[in-house]
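Trainee: Got a predicted structure here, sequence first:
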Amino acid sequence: MKVERLTAKTEEGYTAADMEAALRRLGRLEDLYEALCAEQEKIAADMERLSEAGRTKSATYRQLFAGKFNVTNLISRMEIYM
């Protein structure tokens, strides 16, 4: 599924035919960014807890590590365009 674009790029910046819809989408994207940042912090805390318990070779730690990599990648991609 492809998301319909609500804005158009102009020489001066951006414009939108339906500003309310564009604003709602922007708000949801900012919500997503904040949720990803919170998830990244939770993963880091969980990894720290496991590390302190000497469980850095456990399957859970490795799953968290992969999740942290994915979340960090998504955050970095969002920050490029924000």
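Mentor: Good, I have the coordinates. Numbers count the residues shown, from 1 in each chain.
Trainee: right, and residue 39 touches residue 70 too?
Mentor: No - because the distance of 9.8 Å does not satisfy CB atoms under 8 Å, residue 39 is recorded as not touching residue 70. C-beta here means a position set from N, CA and C on the backbone, and glycine is covered the same way.
Trainee: most remote residue from this protein's center?
Mentor: residue 54 (29.0 Å; CA atoms, centre = their mean).
Trainee: tell me the SS of that one?
Mentor: Put simply, residue 54 is coil when judged by DSSP: H, G, I helix; E, B strand; the rest coil.
Trainee: I'd like the numbering to begin with 791 instead of 1 from here.
Mentor: Taking 791 as the first residue, the last one we looked at is residue 844.
Trainee: gap between it and residue 851?
Mentor: According to CB to CB, to the nearest Å, residue 844 and residue 851 sit 10 Å apart.
Trainee: re earlier: would you list the phi and psi of the residue farthest from the centre of the chain?
Mentor: Backbone geometry at residue 844, expressed as degrees, to the nearest 10, gives phi 70, psi 30.
Trainee: Kindly report the same for the one 4 residues further on.
Mentor: Listed backbone geometry of residue 848 is phi -80, psi 160, with angles given as degrees, to the nearest 10.
Trainee: hang on, it packs against residue 837?
Mentor: No - if you go by CB under 8 Å, residue 848 and residue 837 don't touch, sitting 10.6 Å apart.
Trainee: Since that was my last question, I'll sign off now.
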